[in-house]
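# everything below, folded, please.
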Amino acid sequence: MSSSRGSAHSADGTTAAGTPADPLAPLAALPGVPEAVESVRKAVDRVYRHRVMRRRSSEVSAEAALRGARSSAALEGADWALEEVRRRSDFGVEGEPRTVGAALRVTAEAGQLLDIWPQSPLRVLARLHLVGAGRAAPDETVGRPRRAGERVHGPDLGLQLPAADEVAARLDGLVGLVTGVSSAPALVTAAVIHGELQVLRPFGSYNGLVARAAERIVLVGSGLDPKAVCPAEVGAGEQGGEAYLEALRQYASGTPEGMSAWIAFCGRAVELGARESTAVCEAMQRGAA
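I've put the predicted structure just below:
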C-alpha cells in the first residue's frame, strides 16, 4: 500500500507501546471516512430490515450476485444488459462473452472462499484468477503473480504498471493487512484491498474482476454484508467508468486526500448496491420478481 500517512510507530512496525502498528487505523480517521462508514452501515441495515429478507434472502443474494457480476464485466468493457446476461449460456473463449463468463465464475467462486481468505489471501487470489482465466491464458501464467517481462491484458487504467518485484513486495504487505489484527471498519479494509489489487494488477489478465471479487469477500466475510446482498460492483458501475478510473488514480496517488476520495467512492458503491437490492426486494414484494 502506497500512501502518505504518519503514525507513532518505529521502523520495525510497532507502536511506542511495543504492539504491532495498525496500518489501516490512520485511514479510518481521514476526513470524510467516518461519515462514509456510517452511511454505508445505515444503507446496509435498511436492506436487511426489509420484510422480504426474512423469507427470501437467498433469492435476493442470488440476484445481487448476478447483477454484481454483470457490472463487474461492464467495468472491463463488456457492458451487457442484465437480461442478456440472464438469458445467455454461450460464454465463449474470447471477446465480451468470455469476459462476462469470467465475471460470473469469479463472483460465484468468491462465495466459496470466505473461510480461506483470513488465513491465505494469496491462495484465494490465485484461485479467483484461475477460475476467471480458465483456458483463455497460457497455463503457466494462470493463478500466479506476473513475472518480469510478462504482459498485462485488460482495460487501460491510465496508471503506471508496477514492476514484478514491487508487485511481490506489495502483495506481501497485503497479506499482512488481511492476516493481521486491525480495528479499521470493513469498508476501509475492502477499499484498500480493491484499490491495491487494481493498482498492482498482479496477474496477466482479469485483475479488475479479481480485485472486485476480493472486495466482495471482505465485505461479506467481515459481517458487514453477511448475506452478500449489497453488490459494490453495481455501485461502482453506476457511478460510471470515468469516475471509477479517477477514484483509482486518487488511490494510486497515496495522498490522504486521494485515499479519502477512494474510500468514499467505495462507500458510495456499497450504498448504491444496497439500493439495487432494496429495489429487488420491493419487486419481489409486489410479485413482479
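# just the strands in this structure please.
Listed from the start of the chain, the chain has no strands (DSSP state E) to report.
# max-length helix in it?
Longest helix of the chain, by residue count under DSSP state H: helix 256-286.
# can you map out the helices along the stretch 1-150 of the chain?
25-28, 33-48, 53-75, 82-87, 95-110, 121-133 (DSSP state H, counting those that start in this stretch).
# export those as a markdown table, with columns for mean neighbour count, mean pLDDT and distance to F203.
C-beta here means a position set from N, CA and C on the backbone, and glycine is covered the same way. Output for the helices of the stretch 1-150 of the chain, formatted as a markdown table (neighbours: other CB atoms under 10 Å; pLDDT from 0 to 100; distance: least, CB to CB, whole Å):
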| stretch | mean neighbour count | mean pLDDT | distance to F203 |
| --- | --- | --- | --- |
| helix 25-28 | 19 | 95 | 25 |
| helix 33-48 | 18 | 98 | 28 |
| helix 53-75 | 21 | 97 | 15 |
| helix 82-87 | 12 | 95 | 23 |
| helix 95-110 | 22 | 95 | 12 |
| helix 121-133 | 22 | 96 | 5 |
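# columns distance to E238 on top of the ones you listed, output as a markdown table?
Below are the helices of the stretch 1-150 of the chain laid out as a markdown table (distance: least, CB to CB, whole Å):
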| stretch | distance to E238 |
| --- | --- |
| helix 25-28 | 24 |
| helix 33-48 | 14 |
| helix 53-75 | 8 |
| helix 82-87 | 13 |
| helix 95-110 | 16 |
| helix 121-133 | 22 |
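# looking at the ones you listed, spot the one closest to R216.
helix 95-110 (5.1 Å; CB to CB).
# tell me the helices and strands packed up against the closest one.
Contact here means 3 or more CB pairs under 8 Å, 6 or more residues apart in numbering; DSSP states H and E; on that basis helix 95-110 packs against helix 53-75, helix 121-133, helix 207-221.
# mind putting these in JSON lines, distance to E257 included?
Listed next are the helices and strands packed on helix 95-110 as JSON lines, based on distance: least, CB to CB, whole Å:
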{"stretch": "helix 53-75", "distance to E257": "24"}
{"stretch": "helix 121-133", "distance to E257": "28"}
{"stretch": "helix 207-221", "distance to E257": "21"}
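# how about those, which one is nearest G154?
helix 207-221 (5.9 Å).
# quick one: buried residues of that closest one?
207-221 (16 or more other CB atoms under 10 Å).
# go through the residues you listed and say which is closest to F91.
Nearest to F91 among the buried residues of helix 207-221, counting by CB to CB, is L209 at 13.2 Å.
# which residues does that closest one contact?
By CB atoms under 8 Å, 6 or more residues apart in numbering, the contact set of L209 is 72-73, 76, 102-103, 106, 128, 132.
# can I get the residues you listed in TSV with distance to A65?
Below are the contacts of L209 laid out as TSV (distance: CB to CB, whole Å):
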residue	distance to A65
S72	10
A73	13
E76	17
A102	14
A103	10
V106	11
L128	14
G132	15
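# distance of A247 from A21?
Per CB to CB, to the nearest Å, A247 is found 26 Å from A21.
# of those two, who's got more company?
A247 (24 against 17; other CB atoms under 10 Å).
# so that one sits against S260, correct?
No - with contact defined as CB atoms under 8 Å, A247 does not count as touching S260 (10.7 Å).
# okay, now W117: neighbour count?
Neighbours of W117 under the rule other CB under 10 Å: 20.
# against G111, how distant is it?
According to CB to CB, W117 and G111 sit 11 Å apart.
# now Y251
To G111, Y251 is 26 Å away according to CB to CB.
# residues touching the nearest residue to P121 once chain neighbours are set aside, list them.
Closest residue to P121 apart from its sequence neighbours, by CB to CB, 6 or more residues apart in numbering: V178 at 4.3 Å. The contact partners of V178, taken as CB under 8 Å, 6+ apart, are 117-118, 121, 193.
# want to try JSON lines for those residues, with distance to E83 as columns?
Listed next are these as JSON lines, based on distance: CB to CB, whole Å:
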{"residue": "W117", "distance to E83": "32"}
{"residue": "P118", "distance to E83": "37"}
{"residue": "P121", "distance to E83": "35"}
{"residue": "I193", "distance to E83": "31"}
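# fine by me, we can end here.
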